[in-house]
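1. Okay, predicted coordinates and the sequence, questions at the end:
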Amino acid sequence: MDPSGKIERPGKIVCVGRNYADHAAEMGNVLPERPLLFLKPPSSVIGDGENIVLPPDSEQVEHEGEIGVVIGRRLCRISPAEAPDGIAGITCVNDVTARDLQRTDSQWTRAKGFDTFCPVGPRVVPLTGEDDWRALEVICRVNGEVRQHGRAKEMHFGIPEIVAYISRIMTLEPGDLIATGTPAGVGPLRAGDMVEVEIPQVGILSNPVVAGENI
Ligand code: ZN
């Protein structure tokens, strides 16, 4: 994070699947026993106002509004109690997903990895010692209509637990981004839509949706 709170391209993006009970249920899944992790490539990142491009490979691209955690310092095998000191701040993330490809592939690299499938922003806001991560909430709107509304206190695995868990697998570096899972209400994006992810303390991440070239 630079001092203005502007987003830099993360070295890696680690995502948590099925972290809200209501979303796991809407997808017909049970809650996992431990955090279910996957990666999105840094090349999928776009900023506020940039276009989400619908790839011709998918007929069902969906929004997933999420609370993003930006890492502030190198973290290796830390405890949950140590996690808050390692977090630079919070930002809005849209974990755009080709749902049809997620269903047909046994892992999710293709469904989650297309260019423009990771809008992030509009800025990174540090949480002060007095802020409690449990008070964070995330709202996702399509064309002004609320589609998703989740609260961090509803997460199956909380933010400190997620950061600590990931740090036991891979060293987290400054600027790395964690997408902490999406609440219920995921749904399709179509060309011409405007999708917004809002975290009240952070602001609104807005991205138009456009059709990709069929080549
Ligand atoms: Zn997600």
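-> All right, it came through fine.

2. Enumerate the residues of this protein near the ion.
-> E64, D95, T182 (C-beta under 5 Å from the ion). Every residue, glycine included, has its C-beta placed from N, CA and C.

3. thinking V209 is in contact with P188, fair?
-> No. Counting by C-beta atoms under 8 Å, V209 does not reach P188; the two are 9.8 Å apart.

4. Look at the two and report which has more neighbours.
-> The neighbour count for V209 versus P188, taken as other C-beta atoms under 10 Å, is higher for V209 (22 against 15).

5. Could you grab the helix/strand/coil label for that one?
-> Look at V209: counting by DSSP: H, G, I helix; E, B strand; the rest coil, its state is strand.

6. Likewise for R103?
-> Following three-state DSSP, we place R103 in the helix state.

7. gap between it and P41?
-> With distances taken as C-beta to C-beta, to the nearest Å, R103 is found 20 Å from P41.

8. Of those two, which one has the most company?
-> P41 (15 against 10).

9. Touching, the more buried one and C15? I think so.
-> No. The criterion here is C-beta under 8 Å, and P41 misses it with C15 at 11.3 Å.

10. contacting residues around the residue of the chain found nearest the ion?
-> Going by C-beta to the ion, the ion is nearest to D95 of the chain, at 3.3 Å. Counting by C-beta atoms under 8 Å, 6 or more residues apart in numbering, D95 touches C15, K40, E64, E66, K112, F117, C118, A179, T182.

11. Among those, name the buried ones.
-> Buried by 16 or more other C-beta atoms under 10 Å: C15, K40, E64, E66, K112, F117, C118, A179, T182, out of those.

12. Isn't the last one up against E62?
-> No. Under the criterion of C-beta under 8 Å, T182 lies out of contact with E62, with a separation of 9.4 Å.

13. which outside residues touch the one helix or strand in the chain whose mean pLDDT sits lowest?
-> Sorted by mean pLDDT, DSSP states H and E, the helices and strands of the chain end with helix 21-26, the least confident at a mean of 89. Applying C-beta under 8 Å, 6+ apart, the contact partners of helix 21-26 are R18, V30, L31, G150, E154, H156, G181, T182, P183, A184, G185, V186.

14. quick check: longest helix of the protein.
-> Longest helix in the chain, counting residues (DSSP state H): helix 159-167.

15. quick one: it to chain centroid distance?
-> Averaging C-alpha positions (C-alpha atoms, centre = their mean, to the nearest Å) puts helix 159-167 15 Å from its chain's average.

16. In contact with the spatially closest residue to R190 that is not a sequence neighbour: list those residues for me.
-> Nearest in space to R190, with sequence neighbours left out and distances taken as C-beta to C-beta, 6 or more residues apart in numbering, is V209 at 6.5 Å. When contacts are counted by C-beta under 8 Å, 6+ apart, V209 touches N51, I52, L54, V61, L189, R190, A191, G192, D193, M194, V195.
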